[in-house]
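requesting a structural model of the entry that follows:
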Amino acid sequence: GHYKGQQGKIIACYRKKWVIHIERLQREKANGATVSIGFHPSKVEIVKLKLDKDRKQMLARKDTSENTGKYTEDAEKSVSTA
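Prediction:
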C-alpha cells in the first residue's frame, strides 16, 4: 500500500484489535488532528530487535528447538552424514 517500505519503532500494540501502531506513520484527520495508523502484524517485517540482558534470557528460556523431538545430537549427526 501507500506505507510500503517505511520504517519506524512500534509505539503501541493493541492485542484486542490485532493492530500495531508505528512511529511516524500517521495521517491527518478532517479536523486537523493526526492519528497513528494501525497495521496488522502479519503485514509488518521486524528489522531489528531491542535485546537487553533480560530479553536474551527470556528467549534462551523459550528456545526449545535444541531439545524437542525424539532425536538426539548423535541421531542428527548420523542423519546428516548419511
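
name the nearest residue to Glu28, ignoring sequence neighbours.
Nearest residue to Glu28, sequence neighbours excluded (CB to CB, 6 or more residues apart in numbering): Thr34, at 5.5 Å. For glycine as for every other residue, the C-beta is placed from the backbone atoms N, C-alpha and C.

show me what contacts the one you found?
By CB atoms under 8 Å, 6 or more residues apart in numbering, the contact set of Thr34 is 26-28.

so what's the residue count around Gln7?
Neighbours of Gln7 under the rule other CB atoms under 10 Å: 11.

so which strand or helix has it?
Using DSSP states H and E, Gln7 sits in no helix or strand.

name the nearest residue to it, ignoring sequence neighbours.
Leaving aside its sequence neighbours, Gln7 sits nearest to Val47 (CB to CB, 6+ apart; 6.6 Å).

and the one you found, what element?
Taking DSSP H and E as the definition, one finds Val47 inside no helix or strand.

my guess is Ala12 contacts Glu23. True?
No - counting by CB atoms under 8 Å, Glu23 is not a contact partner of Ala12; they are 9.6 Å apart.

and the longest strand seen in the chain, what's buried?
Using DSSP state E, we find that the single longest strand of the chain is strand 19-28. By neighbour count on 16 or more other CB atoms under 10 Å, the buried set for strand 19-28 is 20-22, 25.

quick one: average pLDDT of that strand?
What strand 19-28 shows for mean pLDDT is 94.

A strand includes Gly38, no?
Yes - assessed by DSSP: H, G, I helix; E, B strand; the rest coil, Gly38 belongs to a strand.

leaving out sequence neighbours, find the closest residue to it.
Using CB to CB, 6+ apart and skipping residues adjacent in sequence, the residue nearest Gly38 is Val19, 3.3 Å away.
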